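K.L.:
would you be able to build a 3D model of this:
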Amino acid sequence: MTDSYNQTGINVGTSLDVASYDFRQVQALVPAGTTATIQGVKIPGTVRLTRLAWVSIVAPGPAETVALRLYRIRPATNPAGFGFIQLNSTFTITAANFPGAGVEFDFSANILANRCVLPHEYLACSWVHVGAAVMQPLNMNWNFEQVGVNEPEPAASTLVWPPA
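P.N.:
Numbering: from 1, shown residues only. Okay, the predicted model is just below:
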């Protein structure tokens with residue numbers, strides 16, 4: 001058996017994703033109200049969000065909405081102090097924009113500029129669900145790529161965001 005197909009230097013560069021997650025998901029109905037999960041990121045340096053998408057199987061009901069937000073959590077040990085920074089403008093799923101059962105919807109256009117994530121920080125994926133829980137299950141995905149230069153540090157917030 002040969003391993004000549006294992007080319008060690010192929011596809012090496014900063015354009016490749018350094019972190020990819022298929023993380024925030026539920027097994028049944030989307031919970032009512034605001035929910036969030038937190039995850040540490042294992043990255044080799046400063047990264048930028050490059051892709052956001054979601055997929056579901058059952059469409060939301062006529063008055064049902066789910067607002068999607070991804071946050072960078074800066075720990076208190078950071079010299080700038082604790083805070084959270086929203087990485088995307090809020091995207092709201094409705095019956096009108098549901099793409100179809102099992103169809104992944106890319107909402108990368110909602111990624112905000114100048115929002116990098118640093119090593120030893122966390123991501124918080126937040127959903128705000130309004131209406132009768134019809135849509136199920138829901139999955140949110142994201143990808144990052146390494147950046148060569150630090151981008152400007154956006155202002156952080158320590159406020160709790162109200163439901164959308």
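
K.L.:
okay, strands next: where are they in this structure?
P.N.:
Per DSSP state E, the chain carries strands over the ranges 17-25, 33-40, 47-58, 65-74, 83-86, 91-93, 105-106, 116-117, 122-130, 136-146.

K.L.:
give me the sheet partners of the last one and which way each runs.
P.N.:
By that I understand strand 136-146. Using DSSP bridges, the strands paired with strand 136-146 are strand 17-25 (antiparallel), strand 47-58 (antiparallel).

K.L.:
can you tell me which of those the model trusts least?
P.N.:
If you rank the strands paired with strand 136-146 by mean pLDDT, strand 17-25 sits at the bottom with a mean of 55.

K.L.:
what's the separation between residue 144 and residue 137?
P.N.:
As judged by C-beta to C-beta, to the nearest Å, residue 144 and residue 137 stand 24 Å apart. The way it works is simple: take the backbone N, C-alpha and C, and place the C-beta from them, glycine included.

K.L.:
likewise residue 88?
P.N.:
Distance from residue 88 to residue 137, by C-beta to C-beta: 21 Å.

K.L.:
of the two, which one has the most company?
P.N.:
residue 88 (19 against 14; other C-beta atoms under 10 Å).

K.L.:
what's around the closest residue to that one other than its chain neighbours, how many residues?
P.N.:
In space, and not counting its chain neighbours, residue 88 is closest to residue 110: 4.4 Å by C-beta to C-beta, 6 or more residues apart in numbering. For residue 110, the number of neighbouring residues by other C-beta under 10 Å comes to 16.

K.L.:
pretty sure residue 110 sits against residue 52.
P.N.:
Yes - if you go by C-beta atoms under 8 Å, residue 110 and residue 52 touch, sitting 6.5 Å apart.

K.L.:
any shared contact partners between the two?
P.N.:
Common contact partners of residue 110 and residue 52 (C-beta atoms under 8 Å, 6 or more residues apart in numbering): 88, 91.

K.L.:
wait, residue 129 sits on residue 36?
P.N.:
No - in this structure, residue 129 is not within contact of residue 36 by C-beta under 8 Å, at 11.7 Å.

K.L.:
give me the more crowded residue out of these two.
P.N.:
residue 129 (24 against 13).

K.L.:
for that one, which residues count as its bridge partners?
P.N.:
Bridge pairing for residue 129 - DSSP bridges - gives residue 33, residue 66.
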